[in-house]
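1. the amino acid sequence is not available; the structure is as follows:
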Ligand code: SF4
Ligand SMILES: [Zn+2]
């Protein structure tokens, strides 16, 4: 496993070997044994973090295929230089390995950190593998001791016609193509899409498709290592030199920061949307703030910041925000008092006053670790800051199914507040994956929650209306057809009428 | 010809059923998978069965989850005490489910569960012509027989599973339990993958089910499914004594409408109408298939010509992308057969380890019929209406006891059950499922014992 102690002893270095492309990709099975300065330690880790963040951002923006690869390549070339066989390749490999292991430690601490790291690292790994040629992949599999059974020439020939029924297989390349025989449970992606031939519990995977399986292996191994490492975290962070560095790194919010808005699922948010959003598209922290504001027509400082920045992140313009806060506050104070006491506040949040910092909306980590709300305050994270009875009353209002409520309560009990929040999302957005919505940042950032939710409702309601319209049209057509058939014996066989009876 | 003298389901009948007929012994042997807690062998996992979740639905629809059995006597006692109207089987958890609330969050998780499938006739409502909703008749049972054949072949040939149990769900569907060791240990994502692999007809609840877009050439598993389904499609779907798809103009037009070429459908419709009383549905099917294939060949030829000349051949038909292509024609017969005959799974049941599913041998509270095992090889012979109800079974005990010497005061259901029509189903369960399963478990245990000495785990 990993231990930082091993990083301090220098071993095999400066061997000017000629590297092959597949050799610069690592599965990170052995921790590095490197001499490392504290500066390097931090620099390497932050460079990798930048790449992983970029990767997440590209995914969140829906980049795919070539475009995704090109953008990511740029980031990788700038910060990690692990793509090419330049003369500095040994240094790049060293940095790659070291930075991976540092972040592995920094992100092993909580479930969400682990999940985030796992997702990004797996995607980075996949991107790198996909850059290899078939021969490169075969070599990679061999040199990494991945014991995939190669289908013998005889076995392959005997299954020729069946193997050729897999989508994408061509007779022209069949002879040259290496096939692996892999237990089906390791090839779930390929099985689910019926992309490979399956026999007796084994998937026959052509080399071009084996990447999916290598990535799955990588992911599983990394997931296990992260879980194991989390046990060692307290001991490691006790080290006076890199302990604080590690702790600090993991405290940084690493997802999208929503600093530039765009957390509204693609559409602009207007003040008049907020009630509806609070009802179904806000996590409990923001929902609570919104309801309190609408009820009391004021919020204390911390609440204003938490909610105001959230609204900014969700895409509410500064003008709209000013109007919104004013319309609420002026129900309990004069316009004058508002302008004097609070208007500045709003502009400040948008970076238009004071130091002109562009304040970013709070992440869950920040909210959860922040100061607990006192009397009359409504900021914070309900899962973290409410007591049990308060929380169960709140759950009661949410019209959740029993199983979901229980699961959320159990997460809270286990101090997994963000998991509880994620479950709340899942419970109220059933089938979100089918709707093509990614819940990656849900439970990490309130704006991610809202963005995913808005996307969900948009897909859902767009789809529902279309479906309803289609049904109505089909019914109308059917009726017309019946009428026609009553008039004349022969119907019109070509009409595209829904076959329903 | 069920005896309609008395009720088929009641609390009183249930009491007799659990007292004298329920096959505790067989159910126990199955669910233990060789891990009887009272066994003296050092090989068995004595906590195993106690970690299996059972749930009971008792009178007034009260649903009780997280039940489990310590040993066989406990199972008998609990079932007889609770008198469940319905009993479901859940996952094997990391700790006994009764303790689920007292252990640390995260410590209670499912670790093992049969891979299960649920197929229900209500999912066929858009193609079923004989009945709809909860209604079922002998004709629509054909759908279940077809589904079972396809699923069973794929589970065995493609996935290599051997211990597969098919069970009548008591009213209008079937359940499938895949009990192989590796199936029971599959994580959720692998379950989803298997279910996706086996699904071809997709779509929302009830309405608008469609065959997902197929690719040409057809994947081996789908070709095999087609070869198995096509004869059954002809038998169960197109004829007058099946679903009547090609029996009269109104129905056959539903099929003709799906032909991707303009004109072909009209021509067929006209000629079929002209010969309506001299042609069989079978002949119509052959005619439609060859007409579409002929047109597809023509399209293929045309596409080849076009490619070589890059000139347009201004014909009257075709024109759009996709719809009029040769491939769409080659795929047409497959789509037709799959739409009407390919198994339609309720995937949600399969994809989660801790989804509960109704236990075999409980009775359906609405019909009173017992959820008996079905021999897949003879699925088409299975008649859901000849499955005994509780009322019938209890009557059989009494009737047959009267004809024999003494009722016998023993508590063993053995003697009683032999006098009823449940007997043959329990025998089938025993012979075609339990015995091979036990043999496999014994072999695995022997192999494990052999390995025991030499093993050092390298992790
Ligand atoms: S977990 Fe995050 S989003 Fe959810 S309620 Fe807490 S702070 Fe808000
Ligand atoms: Zn019917």
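-> Received, thanks. Since the structure is predicted, the reported quantities are computational estimates derived from the model, not experimental observations. Ligands and ions are numbered 1, 2, ... in the order given.

2. what are the phi and psi values at residue B:165?
-> Dihedral pair for residue B:165: phi -110, psi 130, per degrees, to the nearest 10.

3. quick one: secondary structure of the nearest residue in space to it that is not next to it in sequence?
-> Excluding its sequence neighbours, the residue lying closest to residue B:165 (C-beta to C-beta, 6 or more residues apart in numbering or on different chains) is residue B:177, at 4.2 Å. Glycine gets a C-beta too; all of them are placed from N, C-alpha and C. In three-state terms, and counting by DSSP: H, G, I helix; E, B strand; the rest coil, residue B:177 is strand.

4. which residues outside the helix or strand hosting residue A:427 are in contact with it?
-> For residue A:427, the element it lies in under DSSP states H and E is helix A:417-428. Helix A:417-428 is contacted by residues A:110-112, A:280, A:283-284, A:364, A:368, A:381, A:383-384, A:398, A:400-401, A:404, A:407-409, A:411-412, A:432, A:439, A:442-444, A:449, A:452-453 when judged by C-beta atoms under 8 Å, 6 or more residues apart in numbering or on different chains.

5. of the residues you listed, buried ones?
-> Neighbour-count burial (16 or more other C-beta atoms under 10 Å in any protein chain shown) applied to the contacts of helix A:417-428 gives A:110-112, A:283-284, A:364, A:368, A:381, A:383-384, A:400, A:404, A:407-409, A:411-412, A:432, A:439, A:442-444, A:449, A:452-453.

6. ok, residue A:348 - how many residues close by?
-> Per other C-beta atoms under 10 Å in any protein chain shown, the neighbour tally for residue A:348 reads 18.

7. helices and strands around whatever helix or strand it lives in, which ones?
-> Taking DSSP H and E as the definition, one finds residue A:348 inside helix A:343-349. Other elements packing on helix A:343-349 under the criterion 3 or more C-beta pairs under 8 Å, 6 or more residues apart in numbering or on different chains; DSSP states H and E are helix A:301-313, helix A:318-329.

8. among those helices, which comes closest to residue B:286?
-> Smallest distance to residue B:286 across the helices and strands packed on helix A:343-349 (C-beta to C-beta): 63.9 Å, for helix A:301-313.

9. please spell out which residues along that closest one are buried.
-> So, applying 16+ other C-beta under 10 Å, buried residues of helix A:301-313: A:302, A:303, A:304, A:305, A:306, A:307, A:308, A:309, A:310, A:311, A:312, A:313.

10. do stretch A:140-147 as well
-> Within stretch A:140-147, the residues that count as buried by 16+ other C-beta under 10 Å are A:140, A:141, A:144, A:146.

11. contacts only, for the last one.
-> Contact criterion C-beta under 8 Å, 6+ apart gives A:214, A:217 as the residues in contact with residue A:146.

12. so what pLDDT did it get?
-> The model reports residue A:146 with a pLDDT of 87.

13. equivalent analysis for the first one, please.
-> Per-residue confidence for residue A:140 comes out at a pLDDT of 92.

14. and the residue nearest to it when sequence neighbours are not counted, how close does it get to residue A:94?
-> Among residues not flanking residue A:140 along the chain, residue A:22 sits closest, at 4.1 Å (C-beta to C-beta, 6+ apart). As judged by C-beta to C-beta, to the nearest Å, residue A:22 and residue A:94 stand 18 Å apart.

15. kindly report the same for residue B:160.
-> Taking C-beta to C-beta, one finds residue B:160 at 44 Å from residue A:94.

16. what about stretch A:194-205, near chain B?
-> Yes - Stretch A:194-205 reaches chain B (C-beta under 8 Å from any C-beta of the partner chain) through A:194, A:197, A:198, A:199, A:200, A:201, A:202.

17. burial measure for residue A:389, as a count.
-> 8.

18. pLDDT averaged over the strand or helix carrying it - what is it?
-> Using DSSP H and E, residue A:389 falls within helix A:388-397. Averaging pLDDT along helix A:388-397 yields 89.

19. quick one: residues in contact with it.
-> With contact meaning C-beta under 8 Å, 6+ apart, helix A:388-397 is reached by A:284, A:382, A:383, A:386, A:405, A:408, A:409, A:412.

20. pull the contacting residues for the third one.
-> Under the criterion of C-beta under 8 Å, 6+ apart, the contact list for residue A:383 reads A:284, A:368, A:391, A:408, A:411, A:412, A:417, A:418, A:420, A:421.

21. gap between the third one and ligand 1?
-> Right, the one you point to is residue A:391. Taking C-beta to the nearest ligand atom, to the nearest Å as the measure, residue A:391 falls 11 Å from ligand 1.

22. quick one: residues contacting residue A:299.
-> By C-beta under 8 Å, 6+ apart, residue A:299 lies in contact with A:289, A:292, A:293, A:307, A:378.

23. domains in the chain, by residue range?
-> With no chain named, the answer covers chain A. A:2-131, A:140-213, A:271-488 (automatic domain parsing).

24. try chain B instead
-> Split by automatic domain parsing, chain B gives B:11-198+B:345-458, B:213-341.

25. follow-up on the earlier one: now, which of the residues of stretch A:194-205 next to chain B sits nearest residue A:241?
-> The closest of these, once distances to residue A:241 are taken by C-beta to C-beta, is residue A:202, at 49.8 Å.

26. my read: that closest one touches residue B:157, true?
-> No - counting by C-beta atoms under 8 Å, residue B:157 is not a contact partner of residue A:202; they are 11.5 Å apart.

27. neighbour count for the two, which is higher?
-> residue A:202 (21 against 16).

28. what's the spacing between the more buried one and ligand 2?
-> Per C-beta to the ion, to the nearest Å, residue A:202 is found 40 Å from ligand 2.

29. residues near residue A:366, how many?
-> Quick note: residue A:366 (other C-beta under 10 Å) scores 15 neighbours.

30. cool, and residue A:226?
-> 22.

31. what's the answer for residue B:265, then?
-> Residue B:265: 22 neighbours (other C-beta under 10 Å).

32. identify the residue nearest it in space, chain neighbours excluded?
-> In space, residue B:265 is closest to residue B:256, 4.0 Å off (C-beta to C-beta, 6+ apart).

33. with residue A:149 instead?
-> Of all residues not flanking residue A:149 in the chain, residue A:181 sits nearest, at 4.4 Å (C-beta to C-beta, 6+ apart).

34. that neighbour and residue A:202 touch, don't they?
-> Yes - proximity of residue A:181 to residue A:202 meets the contact threshold set by C-beta under 8 Å, at 4.8 Å.

35. follow-up on the earlier one: just the buried residues of stretch A:140-147: which are in helices?
-> When DSSP state H is applied, these are split such that A:140, A:141 fall in helices.

36. closest one of the buried residues of stretch A:140-147 to ligand 2?
-> Nearest to ligand 2 among the buried residues of stretch A:140-147: residue A:146, at 52.0 Å, using C-beta to the ion.

37. separation between the residue nearest to residue B:265 and residue B:236?
-> Relative to residue B:236, residue B:256 is positioned 20 Å away (C-beta to C-beta).

38. mind listing what's buried along whichever strand or helix holds residue B:300?
-> Secondary structure assignment for residue B:300, by DSSP H and E: helix B:281-309. By neighbour count on 16+ other C-beta under 10 Å, the buried set for helix B:281-309 is B:281, B:284, B:285, B:287, B:288, B:291, B:292, B:295, B:296, B:298, B:299, B:302.

39. what sits closest to residue B:144 if chain neighbours are left out?
-> The spatially closest residue to residue B:144, leaving aside those adjacent along the chain, is residue B:174, at 5.3 Å (C-beta to C-beta, 6+ apart).

40. circling back to that earlier point, out of the buried ones among the contacts of helix A:417-428, which are inside helices?
-> A:111-112, A:284, A:364, A:368, A:383-384, A:404, A:407-409, A:411-412, A:449, A:452-453.

41. closest to chain B out of these?
-> residue A:411 (6.2 Å; C-beta to the nearest C-beta).

42. pretty sure the closest one sits against residue B:105.
-> Yes - under the criterion of C-beta under 8 Å, residue A:411 makes contact with residue B:105 at 6.2 Å.

43. overlap of the contact sets of the two?
-> Common neighbours of residue A:411 and residue B:105 (C-beta under 8 Å, 6+ apart) do not exist.
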